[in-house]
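> Sequence below, structure please.
(one chain, ligands or ions: 2)
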Amino acid sequence: MLAEAIHRWSEARALDDAKPGGVRAYNAGRCVRELWYGEHGYQPLPRDGRSVLVFDLGTRIEAAVLWILEAELGADFRRATRDDRVRLEPLGNVCADGFVRVDGKWRPVDVKSAAPMGFERAEVGDLDGVYLAQGECYCRAYDADVCTFLFYDKATSQLAEIEVERDDERWARILADVRAARAGACPDRPYALEELCSGCDGTGKTPKRGQAHKACNGTGRLEGGPFIPTFPCNYCSFRDECWGELVEVECNGKRRLRPAKGDTP
Ligand code: SF4
Ligand SMILES: [Zn+2]
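Ligands and ions are numbered 1, 2, ... in the order given. Model (predicted):
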């Protein structure tokens, strides 16, 4: 009964959340074709209830972290308010999570709750392009040289602080993507279908001994493929629009998606 109540709540939220939307700071680094669908009013696929719960927990963690920062850093940290929303052309309004004062200058801060794998990547400075673009937008919006991301590992409560420096080339790419996302023609897919076994680079042989590669039975091909790329396409809310009808297939113990008709629109 209790779990059902939570499921009801999350599933209702999932339907509510599925609204079309354009390019903003949080998604400026995503696939340009995905941005195009959002800008042109296409209806995104609703998230499932579990994703809503994951996202909701993340938001609560981020709020708690911001609260601690404010309590601990006093006058050198403040959470963002509605007044901190800044118009950043050509994206529209953006707002960081908070601001920290470093050497007398306010710097935008964004808190991210992360699953262990994402946290490990962030910890070694391997930031996802979506975060880099978001940091870039905040640097531009608040005229800062650096934006700080504070990552919080949801499983272990470890923290990692990563700085994203303002970068003109990155900003030029964002501007180009915004132009492409608002243009009339849908941009080409930046990703191709995956056909070849990545474990043996499609050779079907193990690299050292030249024996038949077990994962693909020596064929060099992914059984049941070709598949859409797991990342980012499996997580894209316009994947059906982009690739046509998709079917779910198991490949080497993983859930993969492939175009139902074998060809793509
Ligand atoms: S499914 Fe993949 S290629 Fe298509 S819009 Fe989404 S991320 Fe881009
Ligand atoms: Zn192989």
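
> who touches the residue of the stretch 1-150 of the chain found nearest ligand 2 in this structure?
Using CB to the ion, the closest approach of the stretch 1-150 of the chain to ligand 2 is made by M117 at 23.3 Å. Every residue, glycine included, has its C-beta placed from N, CA and C. With contacts defined as CB atoms under 8 Å, 6 or more residues apart in numbering, M117 is in contact with no residue.

> Quick one: name the residues of the protein near ligand 1.
Where the chain comes near ligand 1, counting by CB under 6 Å from any ligand atom, the residues are C31, R33, E34, R189, Y191, P232, C233, C236, F238, R239, C242, W243.

> helix or strand for the closest residue to ligand 1 within the stretch 51-200 of the chain, which one?
As assessed by CB to the nearest ligand atom, ligand 1 sits closest to R189 within the stretch 51-200 of the chain, at 4.1 Å. With secondary structure defined by DSSP states H and E, R189 is part of neither a helix nor a strand.

> for the closest residue to it other than its chain neighbours, helix, strand, or coil?
Using CB to CB, 6 or more residues apart in numbering and skipping residues adjacent in sequence, the residue nearest R189 is R33, 5.7 Å away. Following DSSP: H, G, I helix; E, B strand; the rest coil, the label given to R33 is helix.

> Repeat that for D56.
D56, by the three-state scheme (three-state DSSP), is helix.

> List the contacts of it.
Applying CB under 8 Å, 6+ apart to D56 gives the contacts S10, R13.

> Look up how far R47 lies from it.
Computed as CB to CB, to the nearest Å, the D56 to R47 distance reads 11 Å.

> Show the residue spans covered by the helices in the stretch 101-250 of the chain.
According to DSSP state H, counting those that start in this stretch, the stretch 101-250 of the chain carries its helices in the segments 116-123, 129-141, 168-182, 239-243.

> out of those, deepest packed?
Scoring those by mean neighbour count under mean count of other CB atoms under 10 Å gives helix 129-141 as the most buried, with a mean of 22.

> Run through who's touching that one.
For helix 129-141, the external contacting residues (CB under 8 Å, 6+ apart) are 25-30, 86, 88, 91, 94, 96, 108, 110, 112, 122, 127, 144-147, 149, 164-167, 170-171, 174.

> and if you look at stretch 25-34?
Outside of stretch 25-34, the residues within contact range by CB under 8 Å, 6+ apart are 21, 35, 38, 88, 91, 94, 128-134, 136-138, 141, 174, 177-178, 180-181, 186-191, 232, 236-238, 242.

> Tabulate the CA atom coordinates of that stretch in CSV.
C-alpha atoms of stretch 25-34 as CSV (Å, rounded to 0.1, in the frame of the first residue of the first chain):
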residue,chain,number,x,y,z
ALA,A,25,21.8,26.0,-19.6
TYR,A,26,21.1,22.6,-18.2
ASN,A,27,20.7,20.9,-21.6
ALA,A,28,22.8,23.2,-23.9
GLY,A,29,25.5,20.5,-24.2
ARG,A,30,23.2,17.7,-25.3
CYS,A,31,22.8,16.2,-28.8
VAL,A,32,21.9,19.0,-31.2
ARG,A,33,19.2,17.0,-32.8
GLU,A,34,17.6,16.4,-29.4
